[in-house]
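> sequence below, structure please.
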Amino acid sequence: MTVVALDDTDSRERGMCTTYAAHLVAQRLRERGASVERLLLVRLNPAVEYKTRGNAALAVHADVDPAVAFEVATDVVAATAETDDPRTNPGVVVAHEVEAPAAVAEFAARAMREHLDPEEAHSLAAAHGYDTAGWGNGRGVMGALAAVGAWTAFDDWTYERIDYRDPERWGTERRVDADSVFAAADAAYPDAWDTVDRGEGETVCVPHTPGPILYGIRGDDPETVAWVADEIDSEPVHASALFVTNQGTDAHLADADLSDVQDGRAYRVDVTVAGDPETRRGGHVFVPVEADGERIQCAAFEPTKRFRDRVRALVPGDYLTVCGEVSDGTLKLEKFAVRDLVTTARETPTCPSCGNRMESAGAGQGYRCRDCGTDAAGKVPRPLDRDLEVGWYEVPPCARRHVARPLVRGEWDAPVHPER
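Numbers count the residues shown, from 1 in each chain. Okay, the predicted model is just below:
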């Protein structure tokens with residue numbers, strides 16, 4: 001079984017989509033008599049600055065001669081990649097087996113969580129006899145090599161069915177009936193997730209970029225995502241493809257101590273809220289957290305919408321697990337778990353005789369009622385009415401990263417409060 005992998009064919013401004021290039025590779029391999037086993041969509045480190053929107057690399061697993069695969073892939077990339085954009089630097093890697101060597105699998109795992117050197121990718125591919133091709137600075141070889149190793153590196157996989165537009169419609173407004181999307185999403189939830197955002201009334205599965213995708217349906221079951229796609233009323237579908245993917249898996253998150261976090265990576269960290277949440281200009285909400293003498297700001301930015309209310313409900317002393325990318329010393333929250341809530345606050349006591357608030361009797365002397373002469377040793381506990389419960393909270397579907405695991409997927413170590 002041959003693996004033909006590709007990366008970085010699209011452009012933020014000009015569109016295209018590497019999933020479409022992979023679809024074309026698979027289609028042309030079938031036309032050449034090959035049997036295609038699967039199409040793999042691998043989301044890499046979402047924190048790298050040179051990514052396009054989703055930082056996806058693709059791999060086609062096919063029973064085909066590697067030379068034929070290399071010829072087809074390079075022809076497709078040369079014809080479709082948006083190389084007029086200087087930030088688009090495609091790469092192709094062809095490997096002779098699906099089971100990747102340990103070094104290549106380890107490279108794929110690191111590509112989810114680190115910033116890697118393109119020279120390492122070229123050297124590693126050459127060391128294992130892989131055929132490679134690059135355009136521009138060849139940075140795409142890095143993602144393509146990660147896509148080669150991903151099937152061996154990871155074991156949590158989901159599915160996405162993508163329906164594509166007729167090329168003549170690219171760049172025009174999409175015609176997708178929202179009511180049909182919401183109806184299908186309701187019927188298939190939770191096996192298909194992040195299709196819509198009910199809170200915001202958005203069809204999350206329909207992109208707004210000028211590329212070839214009409215809509216993409218994600219979920220845990222291939223039959224379910226195909227059914228949802230087929231139920232949507234839209235403009236004519238030009239082509240369809242089913243991808244096996246690491247979307248919705250949290251593969252980008254590394255468990256770490258707060259003292260170990262670095263910019264450009266994503267983490268899962270246990271912390272304590274160290275101050276009151278603050279809403280800043282633009283509607284962004286920041287809250288300081290700390291652990292073992294280290295402190296960092298966590299942020300829920302305006303696009304996370306109602307999730308910000310969850311962050312605003314935190315109080316100093318709450319114990320959390322926070323998840324997200326670190327950038328410029330700030331952790332961008334994707335989800336958090338409340339492990340322990342502060343349930344009381346301390347306040348100045350009231351007089352048991354007259355009910356008035358006592359006043360300080362002086363430094364270290366407690367409190368005294370001026371009228372009744374009653375006193376108290378210090379502040380007293382008052383129950384807090386909290387809008388949060390113990391458990392996991394997440395950003396809504398409209399703000400979720402491709403690779404972030406929604407709370408409706410899998411087992412969690414605390415109760416979940418899913419957004420849909």
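
> please make it C-alpha for all contacts and neighbour counts, starting now.
Fine.

> show me what the helix or strand harbouring V92 pairs with in its sheet, parallel or antiparallel.
V92 is part of strand 91-95 when elements are defined by DSSP states H and E. Partners of strand 91-95 in the sheet, by DSSP bridges, are strand 2-7 (antiparallel), strand 131-134 (antiparallel).

> by contact count, what packs against the helix or strand just after the longest one?
Which is strand 2-7. Heading C-terminal from strand 2-7, the first helix or strand you meet, by DSSP H and E, is helix 18-31. With contacts defined as 3 or more CA pairs under 8 Å, 6 or more residues apart in numbering; DSSP states H and E, helix 18-31 has these neighbours: strand 2-7, strand 35-43, strand 56-63, helix 66-80.

> ok, back up a step: so which of the strands paired with strand 91-95 comes closest to A146?
Nearest to A146 among the strands paired with strand 91-95 is strand 2-7 (8.7 Å), distances taken as CA to CA.

> which of the strands paired with strand 91-95 sits most buried?
For the strands paired with strand 91-95, ranked by mean neighbour count under the definition mean count of other CA atoms under 10 Å, the leader is strand 2-7 at a mean of 32.

> okay, stretch 357-371 in PDB with CA atoms only?
Once non-C-alpha atoms are left out, stretch 357-371 reads as follows in PDB (Å, rounded to 0.1, in the frame of the first residue of the first chain):
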ATOM      1  CA  ARG A 357     -23.500  46.000  59.700                       C
ATOM      2  CA  MET A 358     -20.700  46.100  62.300                       C
ATOM      3  CA  GLU A 359     -17.700  48.400  61.900                       C
ATOM      4  CA  SER A 360     -14.000  47.700  62.400                       C
ATOM      5  CA  ALA A 361     -12.900  47.900  66.100                       C
ATOM      6  CA  GLY A 362      -9.300  48.700  65.000                       C
ATOM      7  CA  ALA A 363      -6.400  46.700  63.700                       C
ATOM      8  CA  GLY A 364      -6.600  43.200  64.900                       C
ATOM      9  CA  GLN A 365      -9.500  43.900  67.200                       C
ATOM     10  CA  GLY A 366     -12.400  42.500  65.100                       C
ATOM     11  CA  TYR A 367     -15.700  44.200  64.600                       C
ATOM     12  CA  ARG A 368     -18.100  46.100  66.900                       C
ATOM     13  CA  CYS A 369     -21.700  47.500  66.600                       C
ATOM     14  CA  ARG A 370     -21.500  51.100  67.700                       C
ATOM     15  CA  ASP A 371     -25.200  51.100  68.800                       C
END
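
> beta partners for W193?
As assigned using DSSP bridges, the partners bridged with W193 are R218.

> kindly provide the distance from it to F301.
Between W193 and F301 the distance, using CA to CA, to the nearest Å, works out to 22 Å.

> higher neighbour count, those two?
Taking other CA atoms under 10 Å, W193 and F301 do not tie; W193 has more neighbours (25 against 19).

> quick one: that one and R218, what's the gap?
Here the distance between W193 and R218 works out to 6 Å (CA to CA).

> likewise for L407?
Separation of L407 from R218 (CA to CA): 14 Å.

> more neighbours: these two, which one.
In this view L407 and R218 are compared by other CA under 10 Å, and R218 has more residues nearby, 29 against 22.

> and the strands paired with strand 91-95: which comes nearest W227?
When the strands paired with strand 91-95 are ranked by distance to W227, counting by CA to CA, first place goes to strand 2-7 at 27.8 Å.

> quick one: the closest one to strand 35-43, angle?
Following axes from the mean of the first three to the mean of the last three CA atoms, to 10 degrees, one obtains 30 degrees for the angle between strand 2-7 and strand 35-43.

> how's this protein carved up into domains?
Residue ranges for the domains of the chain, per automatic domain parsing: 2-153, 158-245, 253-343+385-400, 344-383.

> which one of the ones you listed is the most hemmed in?
With neighbours defined as mean count of other CA under 10 Å, the domains of the chain peak in mean count at domain 2-153, which reaches a mean of 21.

> wasn't R346 part of a strand?
Yes - when classified by DSSP: H, G, I helix; E, B strand; the rest coil, R346 is found to be part of a strand.

> my read: it touches R382, true?
Yes - counting by CA atoms under 8 Å, R346 sits close enough to R382 to count as a contact (5.9 Å).

> any stretches of this protein with poor pLDDT?
Judged against pLDDT under 70, the low-scoring parts of the chain cover residues 11-15, 49-54, 83-84, 86.

> okay, helices next: where are they in it?
Ranges of helices within the chain are 18-31, 66-80, 102-111, 118-127, 140-153, 178-188, 222-231, 307-312, based on DSSP state H.

> present those helices as a markdown table; the columns should include distance to A95.
Shown next, in a markdown table, are these (distance: least, CA to CA, whole Å):
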| stretch | distance to A95 |
| --- | --- |
| helix 18-31 | 15 |
| helix 66-80 | 7 |
| helix 102-111 | 11 |
| helix 118-127 | 9 |
| helix 140-153 | 7 |
| helix 178-188 | 37 |
| helix 222-231 | 26 |
| helix 307-312 | 43 |
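
> quick one: closest of the ones you listed to I213.
Distances from I213 to each of those were compared using CA to CA; the minimum, 7.9 Å, belongs to helix 18-31.

> CA atoms only for that closest one, dumped as PDB, please.
C-alpha atoms of helix 18-31 as PDB (Å, rounded to 0.1, in the frame of the first residue of the first chain):
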ATOM      1  CA  THR A  18      -5.900  20.800   0.000                       C
ATOM      2  CA  THR A  19      -8.700  18.400   0.600                       C
ATOM      3  CA  TYR A  20      -9.900  19.100  -2.900                       C
ATOM      4  CA  ALA A  21      -6.400  18.400  -4.300                       C
ATOM      5  CA  ALA A  22      -6.400  15.100  -2.400                       C
ATOM      6  CA  HIS A  23      -9.800  14.300  -3.800                       C
ATOM      7  CA  LEU A  24      -8.400  14.900  -7.300                       C
ATOM      8  CA  VAL A  25      -5.400  12.700  -6.600                       C
ATOM      9  CA  ALA A  26      -7.700   9.800  -5.400                       C
ATOM     10  CA  GLN A  27      -9.900  10.300  -8.400                       C
ATOM     11  CA  ARG A  28      -7.100  10.200 -10.900                       C
ATOM     12  CA  LEU A  29      -5.500   7.200  -9.200                       C
ATOM     13  CA  ARG A  30      -8.800   5.300  -9.600                       C
ATOM     14  CA  GLU A  31      -8.900   6.300 -13.200                       C
END
